[in-house]
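Student: Have a look at this prediction, sequence included:
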2 protein chains.
Amino acid sequence: MPPRNRQARRAPPAAQVATRLHSAAIHLLRRLRVEDQASGLTAPRLSAMSVIVFGGPVTLGDLARAEQVSAPTMSRMVAGLRRLGLVEVTRDPDDRRVQRIRATTRGKALLEAGRGRRVRRLAADLEALSDPEFAALAKALPTLEAIARP
Amino acid sequence: MPPRNRQARRAPPAAQVATRLHSAAIHLLRRLRVEDQASGLTAPRLSAMSVIVFGGPVTLGDLARAEQVSAPTMSRMVAGLRRLGLVEVTRDPDDRRVQRIRATTRGKALLEAGRGRRVRRLAADLEALSDPEFAALAKALPTLEAIARP
DNA sequence: CGATATTATTTAGCATAGCTAACTAAATAC
DNA sequence: GTATTTAGTTAGCTATGCTAAATAATATCG
């Protein structure tokens, strides 16, 4: 008899789930991105602000690595955010080469507002789901989170 | 007695699922983005190529709307992709204002290769899941897809 | 039918975002 | 105490984003 699949019967292959999950993630975020216009910030700046706000005080190198851009690019971006009063930068007293970048109150508020718009839009769509659909999604959530940040 | 929740008992609120789903999608794609370096294309170009390859021949306006950028921005990007030999552009015979943009064989190959790298990486992570985790994810997939593109 | 409006795209010009190469300054190694 | 490494900046280039204005083709309407 043929070898069992990973699930007792007829589980879709991982490659197919990967393809569809990848595509769904792209389309989901593309759709939610519309809300970002209201923030008045560019996408790279919003993304950097998100790392700064949720990642506590970060160094410039941390930020560049997190955003997968070069140090000079991030250096300039932080300068821009600083001019806008969204972040403040102090020197590390123990190692005076490194900076500690943190969000100002205004910066936090701006990011939270933007995130709120995205999440509220998504939540509204979730409300429209049937109970079993919503339950299935909620049940898969921890696994999705594990996959997202290994 | 208190009103029942949407699920019989203790379903998480939509807002919480939305927050977590949003965050998971962001982190998932941020992680997979690493693979894009190998393509040699910038992120906006890869994204546009994806719309062109999967969306059949598209007009410049379609593309600009899909990518949520202005027409001038997309006009220039298409010119760049054309210089690289990744797309070709013809005029619509019925309405000579509009273009029909389509991927060349080389363009298709390049995009498929990049997508393959991302999907293989994701599939490898999915393989490491336990059977119930994988099953839960597979079960939630259609709902996720419905939410992703309304 | 011809003037006018609308639609699709391009051009011009500006700010931001991406890169590499080369520099400064501080900390570490030897 | 000189040499090396590490963190960040400066310079200079290309690409990506925008708005305003131009061009060209189609659609409208009187």
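Tutor: That came through, no problem.
Student: those strands in chain A, which residues are they?
Tutor: Using DSSP state E, the strands found in chain A span residues A:87-91, A:99-103.
Student: Kindly state which of these is positioned closest to DNA strand D.
Tutor: Ranking these by proximity to DNA strand D (CB to the nearest atom of the strand) places strand A:99-103 first, at 4.1 Å. Backbone N, C-alpha and C define where each C-beta goes, glycine included.
Student: So for the closest one, what gets flagged as buried?
Tutor: A:99, A:101-103 (16 or more other CB atoms under 10 Å in any protein chain shown).
Student: ok, now how distant is the residue nearest to residue A:66 when sequence neighbours are not counted from residue A:43?
Tutor: Leaving aside its sequence neighbours, residue A:66 sits nearest to residue A:51 (CB to CB, 6 or more residues apart in numbering or on different chains; 4.8 Å). The gap separating residue A:51 from residue A:43 is 13 Å, by CB to CB, to the nearest Å.
Student: thinking again about what came up before, relative to DNA strand C, which of the strands of chain A is closest?
Tutor: strand A:87-91 (8.5 Å).
Student: tilt between the closest one and strand A:99-103?
Tutor: 160 degrees (axes from the mean of the first three to the mean of the last three CA atoms, to 10 degrees).
Student: Next, the contact list for the residue nearest to residue A:66, please.
Tutor: A:58, A:62-63, A:66-67 (CB atoms under 8 Å, 6 or more residues apart in numbering or on different chains).
Student: residues in contact with the residue nearest to residue A:63 when sequence neighbours are not counted?
Tutor: Ranked by CB to CB, 6+ apart and with sequence neighbours excluded, the top spatial neighbour of residue A:63 is residue A:74, at 5.2 Å. By CB under 8 Å, 6+ apart, residue A:74 lies in contact with A:48, A:60, A:63-64, A:67.
Student: Could you measure from the residue lying closest to residue A:27 once chain neighbours are set aside over to residue A:122?
Tutor: Using CB to CB, 6+ apart and skipping the chain neighbours, the partner closest in space to residue A:27 is residue B:148 (4.1 Å). Here residue B:148 is placed at a distance of 10 Å from residue A:122 (CB to CB).
Student: repeat for residue A:72
Tutor: 35 Å.
Student: And for residue A:132?
Tutor: Counting by CB to CB, the gap from residue A:132 to residue A:122 is 19 Å.
Student: Looking at those two, which is more packed in?
Tutor: Just comparing residue A:132 and residue A:122: by other CB atoms under 10 Å in any protein chain shown the higher neighbour count belongs to residue A:122, 23 against 11.
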